[in-house]
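J.: prediction below, plus the sequence it came from.
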Amino acid sequence: MNRSRRNRNSWVDAILLGLLVFAFSVPCQAQEKDKEKAKPGAVAESDEGTEADAAADEPFLKGSTETHIQTLDGVYLNLRLWVPEKVQTPKETPIVVLMHMRGRSQRDWFPFAKFLCDKGFAVCTFDFRGHGQSRDVNPEVYMKVGDAMRHAVARNAAGIDRPLVPRGEREVQLEIQELSGAGKPTTEKIDQSEEFRNGKELAFALPNDLSAVKEYLLTKHNEGVLNIRRLGIVGAELGAAIAIEWMNREEFPIGRQQGFEALDGDVAAAVLMSPSMSIAGYRLVADFNQQGQSIPIMIISGNDGKMADDAERMARKLRVPNRQLVKQEDDKKSNKPRSKDRQGSGFFKVESKLVGSELLRPPVAKLDQYIGGFLKDNLTKDKSRNWQKRELVPERTGFGSG
């Protein structure tokens, strides 16, 4: 047991000593068949970037493919997937999902996504609903979030199981709907002036996007492209909050029932950048089941005021030890993990006023290498997470992958 704990915390020691070595580099490749996916019509939005931005992004998009999926509640998400080439066992390729900040888009992650892909990870970025190029909806299925919340309350009060889509469309909604140009349903756009007005609405709706992304990645898992059991999630600011809400609701809920994914969840590690204890006034719970209480978590924050305080409170809530307070030359015993600490985890406060993914553009204090090392340690070495084909359970209930 002691030997296992020492191995699991090796990445922490490396960061503290400044000796982290991170190298399993391979170039990325595109999946040619995904290039044929047609793009739904979209109107340029402020967080999609300019033509100059697109040109700047181009070097980082090599080896990635763009596609569109439909969430179970009828939102069309723009998604991009990087897959490394020349890996010895493609089925065991770990997958990392990157989630952007509020009012931003997946573009923030493109340089880091390419960096991780070159190190041997499959990487997925996407635009949350109402952001970037994820603004179209299927009006035959979609409800405005306020209406959907009222509908959910009524169903729960009546003892009716989720979801929030008509029963008659159930079989269709269970499949990943990758759109083609011909026969595309008539769409309307999400109007942010009428939706996502508060934290409750954000926390209710956005985890469904992550669930749909996971279902898409499960299809790639079954194709032998990657291993969903080696799943890492990285969220910045709002993305970090949604990651916590999603894990609490879908991956590690107390008393979970069998569904599309394994009973014990697939997330093997999480990185939370500038996380908060709340989303626009909605307080996060983070009461994971036993397995969720043990996954390694890395929390990163700048040192600017309230955001740093919020991140430190989140670290205490999740039992993530504050590694910045360790003075190894004065107190070597403090390097040893305490029994109450979440093993293999650490909270790191860096000297910067930047927030979330801004800390990676360009990387502050070699954060890209440290995050990569943490993910490598926790996504690649556990043989109990080796690839196995996954089957859809037809009786699955719930929203997204829940």
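T.: That came through fine.
J.: low-confidence ranges in the stretch 101-250 of the chain?
T.: 154-187 (pLDDT under 70).
J.: in it, which spans are strands?
T.: Secondary structure of the stretch 101-250 of the chain (DSSP state E, counting those that start in this stretch): strands located at 122-126, 136-137, 188-189, 227-236.
J.: what's the answer for the stretch 301-402 of the chain, then?
T.: Using DSSP E, counting those that start in this stretch, the strands of the stretch 301-402 of the chain run over 346-349.
J.: out of the strands of the stretch 101-250 of the chain, the one nearest Gln88 is which?
T.: Taking C-beta to C-beta, strand 227-236 is the member of those nearest to Gln88, at 13.1 Å. C-beta here means a position set from N, CA and C on the backbone, and glycine is covered the same way.
J.: the strands of the stretch 101-250 of the chain into JSON lines, with extra columns for mean neighbour count?
T.: Shown next, in JSON lines, are the strands of the stretch 101-250 of the chain (neighbours: other C-beta atoms under 10 Å):
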{"stretch": "strand 122-126", "mean neighbour count": "28"}
{"stretch": "strand 136-137", "mean neighbour count": "25"}
{"stretch": "strand 188-189", "mean neighbour count": "12"}
{"stretch": "strand 227-236", "mean neighbour count": "27"}
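J.: same list (the ones you listed) but as a markdown table, adding distance to Asp57.
T.: Output for those, formatted as a markdown table (distance: least, C-beta to C-beta, whole Å):
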| stretch | distance to Asp57 |
| --- | --- |
| strand 122-126 | 11 |
| strand 136-137 | 21 |
| strand 188-189 | 23 |
| strand 227-236 | 17 |
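J.: looking at these, which is closest to Leu375?
T.: Using C-beta to C-beta, the strands of the stretch 101-250 of the chain put strand 227-236 closest to Leu375, at 4.9 Å.
J.: that closest one pairs with which strands, and in what direction?
T.: According to DSSP bridges, strand 227-236 has the following sheet partners: strand 94-99 (parallel), strand 267-273 (parallel).
J.: on that earlier part again, so which of the strands of the stretch 101-250 of the chain comes closest to Arg342?
T.: Set against Arg342 and scored by C-beta to C-beta, the strands of the stretch 101-250 of the chain come closest in strand 227-236, at 15.5 Å.
J.: wait, Asp108 touches His100, no?
T.: Yes - here Asp108 reaches His100: they are 5.2 Å apart, a contact under C-beta atoms under 8 Å.
J.: more neighbours: which of those two?
T.: Ranked by neighbour count (other C-beta atoms under 10 Å), Asp108 and His100 place His100 first, with 26 against 23.
J.: separation between Cys124 and His100?
T.: Here Cys124 is placed at a distance of 12 Å from His100 (C-beta to C-beta, to the nearest Å).
J.: let me redo that: Thr67
T.: According to C-beta to C-beta, Thr67 stands 17 Å off from His100.
J.: swap in Asp341?
T.: 29 Å.
J.: quick check: angle from the helix ranked longest in the chain to strand 94-99?
T.: The longest helix of the chain (DSSP state H) is helix 199-222. Put simply, helix 199-222 runs at 160 degrees to strand 94-99, going by axes from the mean of the first three to the mean of the last three C-alpha atoms, to 10 degrees.
J.: how far away from the center of its chain is helix 199-222?
T.: Offset of helix 199-222 from its chain centre (C-alpha atoms, centre = their mean, to the nearest Å): 9 Å.
J.: and for stretch 191-210?
T.: 16 Å.
J.: buried ones in it, by neighbour count?
T.: Neighbour counts using 16 or more other C-beta atoms under 10 Å place 195-196, 199-210 of stretch 191-210 among the buried residues.
J.: now flag whichever of these is closest to Ser276.
T.: Distances from Ser276 to the buried residues of stretch 191-210, taken by C-beta to C-beta, are shortest for Gly199, at 9.8 Å.
J.: OK, contacts around that closest one?
T.: Ser278, Ile279, Ala280, Gly281, Tyr282 (C-beta atoms under 8 Å, 6 or more residues apart in numbering).
J.: may I ask which of these has the most neighbours?
T.: Ile279 leads the contacts of Gly199 on contacts (other C-beta under 10 Å) with 23 neighbours.
J.: how near is it to Leu360?
T.: Separation of Ile279 from Leu360 (C-beta to C-beta) stands at 22 Å.
J.: and for Met101?
T.: 12 Å.
J.: please apply the same query to Leu272.
T.: Leu272 is 14 Å from Leu360, by C-beta to C-beta.
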